[in-house]
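1. predicted model and sequence follow; I will ask about them next.
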Amino acid sequence: LKKKNFNHQVMASSSSSKKEKVERLYKRREELEAEMASISQRLNGPNMPGLKGSLVDNEGFPIGGGEVDLYSVREDRQRYNSLKNDHLQLTDAIQKEVNALLSISDSKEEAGAATEKTIARAKTENNKIPLVKSTPTATATTVVSRKAFAVVDILAPGSPAEVDGIQLHDRIIDFGGAFSSVDAASVIQNNVGKSHRVVVNRAGVDEILNITPRTWSGNGLLGAHFRALNF
């Protein structure tokens, strides 16, 4: 028992560390995107050549009648290309860290599944309520629903979850008829390739999505991690 507890503590510590690293990588990527957007806006201003336009006119003279600072344009373009390469590398790094984190999360869920399942099923049977009919795309609903049982705290770029409409920080209310993290995991594992009606709360508004667990280039069937919420 002590060994199991120790292993669980080690996994929890590793998971926390990787989450912090992922958050730092996301923040850095957002900073790059902001700078890239600023450069793009500057290069696409009036009489400017954009990111790839020629710096001379049809007669071979500098664009803008000599009023455009061509040196600054070249510097901006070089900086943009450098940022673009950094952005690609960061995206790859994020993908790897998210995959590693999802692997740790899977191990932690397996270790504590038996105890959580007993508690979760009791809550599920006492709290099931009907929700509105599913639609092919995300739609807002005014249905007064139960509390969310989990929140999306990790979402891999290009993952099935992201492609199907899940967003970071979505709060999961209903996943294919499951109302707990343990039952949702069971639905996902046992229904690969099948579409599930999923209700999430996003910024205070309930949204209905159709999510299909499936294999992809990354880990897991969704490429997302749901952190259980304690009521």
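-> Here it is on my side, so go on. Residues are numbered from 1 along each chain as shown.
2. CA atoms for contacts and neighbours, from now on please.
-> Noted.
3. for stretch 58-77, buried residues please.
-> By neighbour count on 16 or more other Cα atoms under 10 Å, the buried set for stretch 58-77 is 62-64, 70, 73, 76-77.
4. least confident of these?
-> Ranked by pLDDT, the buried residues of stretch 58-77 bottom out at G64 (78).
5. okay but it is in contact with N47, surely?
-> Yes - G64 lies in contact with N47 (Cα atoms under 8 Å); the separation is 5.8 Å.
6. show me where this structure has its helices.
-> Assigned by DSSP state H, the chain shows helices spanning 2-43, 70-127, 160-163, 181-190.
7. can you flag the weakest of these by average pLDDT?
-> Mean pLDDT is lowest for helix 70-127 out of those, coming in at a mean of 67.
8. and the residue nearest the centre of the protein?
-> Centroid-nearest residue in the chain: L155, 2.8 Å away (criterion: Cα atoms, centre = their mean).
9. counting neighbours, what do you get for A37?
-> Other residues within reach of A37, judged by other Cα atoms under 10 Å, total 13.
10. that older thread, what about the nearest residue to the residue nearest to the centre of the chain once chain neighbours are set aside, how many residues close to it?
-> Nearest non-adjacent residue to L155, counting by Cα to Cα, 6 or more residues apart in numbering: A224, 4.5 Å away. Neighbour count of A224, defined by other Cα under 10 Å: 26.
11. thought A161 was touching A224, still the case?
-> Yes - the pair A224 and A161 qualifies as a contact (Cα under 8 Å) at a distance of 6.5 Å.
12. which neighbours do these two share?
-> Common contacts of A224 and A161 (Cα atoms under 8 Å, 6 or more residues apart in numbering): L155.
13. could you list everything R197 pairs with in the sheet?
-> Bridge pairing for R197 (DSSP bridges) gives the partners N210.
14. pretty sure it sits against N210.
-> Yes - using Cα under 8 Å, R197 is in contact with N210, at 4.8 Å.
15. those two: who's more crowded?
-> Each of R197 and N210 has its neighbours counted (other Cα under 10 Å); N210 has more, 21 against 17.
16. residues in contact with the spatially most distant residue from the centre of the chain?
-> The centre of the chain is farthest from one residue, E59, which by Cα atoms, centre = their mean lies 49.2 Å away. Shown in contact with E59 (Cα under 8 Å, 6+ apart): no residues.
17. which other residues reach stretch 78-88?
-> 29, 32-33, 36, 39-40.
18. in CSV, list those residues along with neighbour count and distance to L229.
-> What follows is the contacts of stretch 78-88, written out as CSV (neighbours: other Cα atoms under 10 Å; distance: Cα to Cα, whole Å):
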residue, neighbour count, distance to L229
R29, 20, 28
L32, 18, 32
E33, 16, 32
M36, 21, 37
I39, 18, 41
S40, 16, 41
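19. export these as a markdown table, with columns for distance to G204.
-> Shown next, in a markdown table, are the contacts of stretch 78-88 (distance: Cα to Cα, whole Å):
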| residue | distance to G204 |
| --- | --- |
| R29 | 27 |
| L32 | 29 |
| E33 | 27 |
| M36 | 31 |
| I39 | 35 |
| S40 | 34 |
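20. and which of the residues you listed is nearest to R146?
-> Using Cα to Cα, R29 is the member of those that sits closest to R146, with 35.2 Å.
21. surely the closest one touches L90?
-> Yes - between R29 and L90 there is a contact at 6.5 Å, judged by Cα under 8 Å.
22. with that, I have no additional questions.
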